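Trainee: turn this into a model:
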Amino acid sequence: MYPPPASAPHRDFISVTLSVGESYDNSKSRRRRSCWRKWKQLSRLQQNMIIFLLAFLILCGFLSYIHMADQWKALSGKPTEELKMMPEVPGLKPANPPVLPAPQKADASPAFSKMLPQRPRKHFRRGPPHLQIRAPNTDSKAGTQDDTKERAAAPGDAHQEENTQRTVISWRGAVIEPEQGTGLPLRRAEAPAKPSPLVTRMQKEPALLNERQEGVIEAFRHAWKGYRQFAWGHDELRPVSRSFSEWFGLGLTLIDALDTMWILGLKQEFEEARTWVSQKLNFKKDVDVNLFESTIRILGGLLSTYHLSGDGLFLRKAKDFGNRLMPAFMTPSKIPYSDVNIGTGVAHPPQWTSDSTVSEVTSIQLEFRELSRLTGVKKFQEAAEEVTRHVHQLSGKKDGLVPMFINTHSGSFTHLGVFTLGARADSYYEYLLKQWIQGGKQETQLLEDYLAAIEGIKTHLVRHSEPNKLTFIGELTHDRFSAKMDHLVCFLPGTLALGVHHGLPADHMELARALMETCYQMNRQMETGLSPEIVHFNLYPPTDNLDVKVKPADRHNLLRPETVESLFYLYRTTGDRKYQDWGWEILQSFNKYTRVPSGGYTSINNVQNPHKPEPRDKMESFFLGETLKYLYLLFSDDQNLLSLDTYVFNTEAHPLPIWALS
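Mentor: Residues are numbered from 1 along each chain as shown. Predicted structure coming up:
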């Protein structure tokens, strides 16, 4: 074969290139024509179905994008920094110097020692009794590292290493001036110019504990022994089965009991619990919490412990937790949802209703207001007080009495015509008075609502039983009176006495004394000496000469604090020692019928059967957070031990400072 001419390769190359390009273009053209031909061959119905399917897929993608944006917004906050932990405010101190007993015996060290190593209604709980926990994430390493970083820069932390400038925090509290502030504008603590007179008094030799106070300390240690051994770091102890139960998965009993340990002077127990809070308490977890219950127990407990100990760790934890609760307020009416996921920031009402209970949404204000005052972040106080203002102007009340439910969408009361001071409404009335006291008695709207409510109670709900004429509080359902009284209502004598202490009408004390007698009889007339959850009073002379009758479903006792809470207030305001004696009787009954030998105390099913009280195998966190704390304070003769002129107790018995006026 002859070789081609020299110019041939160039022409052949061009020819081949054009041929390939032409083939490629023709192929694309054929494919386009083929697709179009196939499309035209489809029936009109088939074409419409394909178009509809494509449009549906595009719409789904768009909605998914919007949903993801909303989720990110909830997590990130509005604005973004809302769910971030606030930095420690330089120079921030607790508002009031603590007035507390010395630690017990050998524990009476003037300063914190190093941390000990970590050792391996109707049943109404003021909230839904069971919330499912999903995928807890302890992440203890991260928590420990974060806490170490924060503590390195926290001036109020009692556990900073030496060579850092800080105020020395003694076991009995920081030497500081009471903080000034009146709510709005928010005020922060300033460095004290001189030691407070209360601190000067506190530095003197404390009075010796009396036998009854020692009895409370022994009871607390026994309860703590069971919790520490069988339920450490979990929500609640099950003392009979020597196990635990979870509600939120946040160490509820431990946090609820922190300030009780401090007040009782239990240094070793407190320090060990503090170590757990520092290293293990992690709020970044996918779990629903009840807004009300977690506010009064966790947020209130952390804030109170910060004030009593001066330890900045507890304030930092409180800020983090408060931020995680804020999505609950993102409702059309600004009435918060009952539940919020502290990990995802998604809030929602209960599964069975779109309502929240009135007591739940109106009994979180003390805690959120105090959190704003300490941090200078107004959103906490503004959200909580918006609820108070909204409820104030609502229709549906009856002479100051409020219905039990409120709708989170419309913001209106529901279940109109039903009025009670028991479950779902009780602490609404309590917080009207206590917010007024907390704010330095400046918010007259709160006082007016409280005074109107007390008059409504006296007009519509107060009756006298037969045959002994016991004064009691009943319920009203569409103008029909029921002689039913929850044990929860026994908060009212103490609230009335507290109001009189702060200058309210003297006739409130007459009602307080009469109701206190009734609440005591609700315990004394039971065979175990412990009150049932609910009683019904006789309005007509009975055949058995008894004032009360108890239905089988209502005869359980949950170790509730309301009776001893009111005994504390009545003793503080009257000085009558019979109230101390009544409290001592109740403590003896707790020891006899609810104490579990291996450690802990249990709720019981039957207060009318001393031979078979039927343990329920649960120790509620409020037994340590409230019941034993109020008993200890009741038995103290020191009127300045958490003075009623210095502190106001939240509805979980966590003392918060009364705001001093500048």
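Trainee: what average pLDDT does stretch 368-386 get?
Mentor: For stretch 368-386, the mean per-residue pLDDT is 98.
Trainee: next: stretch 49-61.
Mentor: Per-residue pLDDT over stretch 49-61 has a mean of 81.
Trainee: ok, now stretch 232-245?
Mentor: Stretch 232-245 comes out at a mean pLDDT of 98.
Trainee: and that stretch, what's buried?
Mentor: 232-240, 242, 244-245 (16 or more other C-beta atoms under 10 Å). To be clear about C-beta, it is placed using only N, CA and C from the backbone, and glycine gets the same treatment.
Trainee: do the same with stretch 395-407
Mentor: Neighbour-count burial for stretch 395-407, counted by 16+ other C-beta under 10 Å, picks out 397-398, 400-407.
Trainee: farthest-apart pair in these, please.
Mentor: By the measure C-beta to C-beta, Gly400 and Asn407 form the most distant pair in those, at 20.8 Å.
Trainee: one step back: can you add distance to Phe62 and give the buried residues of stretch 232-245 back as CSV?
Mentor: As requested, these are arranged in CSV below (distance: C-beta to C-beta, whole Å):
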residue, distance to Phe62
Trp232, 49
Gly233, 45
His234, 44
Asp235, 42
Glu236, 46
Leu237, 51
Arg238, 50
Pro239, 55
Val240, 56
Arg242, 55
Phe244, 47
Ser245, 44
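Trainee: how about those residues, which pair is most distant?
Mentor: Gly233 and Val240 (19.9 Å).
Trainee: spit out the contact partners of Leu371.
Mentor: Listed by C-beta atoms under 8 Å, 6 or more residues apart in numbering, the contact partners of Leu371 are 299, 303, 318-319, 322, 377, 380-381.
Trainee: repeat the analysis, applying 7 Å as the threshold.
Mentor: By C-beta atoms under 7 Å, 6 or more residues apart in numbering, the contact set of Leu371 is 299, 303, 318-319, 322, 380.
Trainee: just to confirm, which helix or strand has it in it?
Mentor: helix 365-375 (DSSP states H and E).
Trainee: what ranges do the helices span in the stretch 151-300 of the chain?
Mentor: 197-202, 211-230, 252-264, 267-279, 291-294, 300-309 (DSSP state H, counting those that start in this stretch).
Trainee: next, Leu476: secondary structure please.
Mentor: strand (DSSP: H, G, I helix; E, B strand; the rest coil).
Trainee: hmm, back to that, dump the buried residues of stretch 395-407 into JSON lines; add secondary structure, distance to Arg212 and pLDDT as well.
Mentor: As requested, the buried residues of stretch 395-407 are exported to JSON lines (DSSP: H, G, I helix; E, B strand; the rest coil; distance: C-beta to C-beta, whole Å; pLDDT from 0 to 100):
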{"residue": "Lys397", "secondary structure": "coil", "distance to Arg212": "42", "pLDDT": "98"}
{"residue": "Lys398", "secondary structure": "strand", "distance to Arg212": "42", "pLDDT": "98"}
{"residue": "Gly400", "secondary structure": "coil", "distance to Arg212": "38", "pLDDT": "98"}
{"residue": "Leu401", "secondary structure": "strand", "distance to Arg212": "38", "pLDDT": "98"}
{"residue": "Val402", "secondary structure": "coil", "distance to Arg212": "38", "pLDDT": "98"}
{"residue": "Pro403", "secondary structure": "coil", "distance to Arg212": "41", "pLDDT": "98"}
{"residue": "Met404", "secondary structure": "coil", "distance to Arg212": "38", "pLDDT": "97"}
{"residue": "Phe405", "secondary structure": "strand", "distance to Arg212": "41", "pLDDT": "97"}
{"residue": "Ile406", "secondary structure": "strand", "distance to Arg212": "42", "pLDDT": "98"}
{"residue": "Asn407", "secondary structure": "strand", "distance to Arg212": "47", "pLDDT": "97"}
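Trainee: and the residues you listed as a markdown table, adding distance to Lys267?
Mentor: Putting these into a markdown table (distance: C-beta to C-beta, whole Å) gives the following:
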| residue | distance to Lys267 |
| --- | --- |
| Lys397 | 48 |
| Lys398 | 50 |
| Gly400 | 46 |
| Leu401 | 46 |
| Val402 | 43 |
| Pro403 | 47 |
| Met404 | 43 |
| Phe405 | 45 |
| Ile406 | 44 |
| Asn407 | 48 |
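Trainee: picking that back up, got a ChimeraX select line for the buried ones in the contacts of Leu371?
Mentor: Restricted to buried positions by 16+ other C-beta under 10 Å, the ChimeraX selection for the contacts of Leu371 reads:
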select :299,303,318,319,322,380
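Trainee: now the closest residue to Pro336 other than its chain neighbours: how far from Gln213?
Mentor: Spatial nearest neighbour of Pro336, excluding adjacent residues (C-beta to C-beta, 6 or more residues apart in numbering): Ala328 at 4.2 Å. When distance is defined by C-beta to C-beta, to the nearest Å, Ala328 is 39 Å away from Gln213.
Trainee: related to what we said a few turns ago, state the next helix or strand along the chain beyond the helix holding Leu371.
Mentor: Helices and strands here follow DSSP H and E; after helix 365-375, the next one along the chain is helix 379-392.
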